[in-house]
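**Student:** pasting the sequence and the predicted model now:
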Amino acid sequence: MDIAERVYQMVRDIPKGKVTTYGAIAKKLGIGPRQVGQILHKNPSGEITPCHRVVRSDGKIAEGYAFGGEFKQRERLEREGVAFSRGKILKAFFV
């Protein structure tokens with residue numbers, strides 16, 4: 001399995017209503033968080049691989065969500081029950 005598929009598989013394992021960080025995925029796979037971001041930006045299906053559940057280490061949404069931008073990413077997370085305060089995610093982390 002190539003590294004992109006390993007990233008996608010980890011993202012598919014994030015439960016609905018939870019998030020993880022680029023850094024957490026990177027650490028588990030032994031790659032850099034930017035590489036995780038680059039891979040997820042090329043994600044062919046946001047429905048199959050819910051990359052909206054991956055956020056920055058400070059709890060904020062990263063710029064450039066591939067399936068509609070930051071507003072759409074936040075909207076999807078809120079529909080799943082993820083709460084925000086001052087632009088940061090509250091208590092939804094899954095590692």
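**Tutor:** Thanks, I have the structure now. None of these values were measured; they are calculated from a predicted model.

**Student:** geometric centre of the chain: which residue is closest?
**Tutor:** V54 (1.3 Å; CA atoms, centre = their mean).

**Student:** which strand residues bridge that residue?
**Tutor:** Applying DSSP bridges to V54 yields these beta-bridge partners: T20.

**Student:** which residues does the lowest-mean-pLDDT helix or strand in the chain contact?
**Tutor:** For the chain, the helix or strand with the lowest mean confidence is strand 88-90, at a mean of 90 (criterion: mean pLDDT, DSSP states H and E). With contacts defined as CB atoms under 8 Å, 6 or more residues apart in numbering, strand 88-90 is touched by 19, 55, 58-60, 77, 82-84. All C-beta atoms are positioned from the backbone trio N, CA, C, and that covers glycine.

**Student:** rewinding a little: distance of the residue nearest to the centre of the chain relative to A66?
**Tutor:** From V54 over to A66 the distance is 11 Å, taken as CB to CB, to the nearest Å.

**Student:** quick check: neighbours shared by these two?
**Tutor:** Shared contacts of V54 and A66, counting by CB under 8 Å, 6+ apart, come down to L40.

**Student:** quickly find the element holding K16.
**Tutor:** Assessed by DSSP states H and E, K16 sits outside every helix and strand.

**Student:** how about it, nearest residue that isn't a chain neighbour?
**Tutor:** E80 (5.0 Å; CB to CB, 6 or more residues apart in numbering).

**Student:** low pLDDT regions in this structure?
**Tutor:** By pLDDT under 70, the low-scoring segments of the chain are 95.

**Student:** circling back to that earlier point, could I get the contacts of strand 88-90 as a markdown table with distance to V36?
**Tutor:** Below are these laid out as a markdown table (distance: CB to CB, whole Å):
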| residue | distance to V36 |
| --- | --- |
| V19 | 13 |
| V55 | 11 |
| D58 | 16 |
| G59 | 16 |
| K60 | 16 |
| L77 | 18 |
| V82 | 19 |
| A83 | 24 |
| F84 | 22 |
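
**Student:** restricted to helices, list those.
**Tutor:** With helices taken from DSSP state H, the overlap with those comprises L77.
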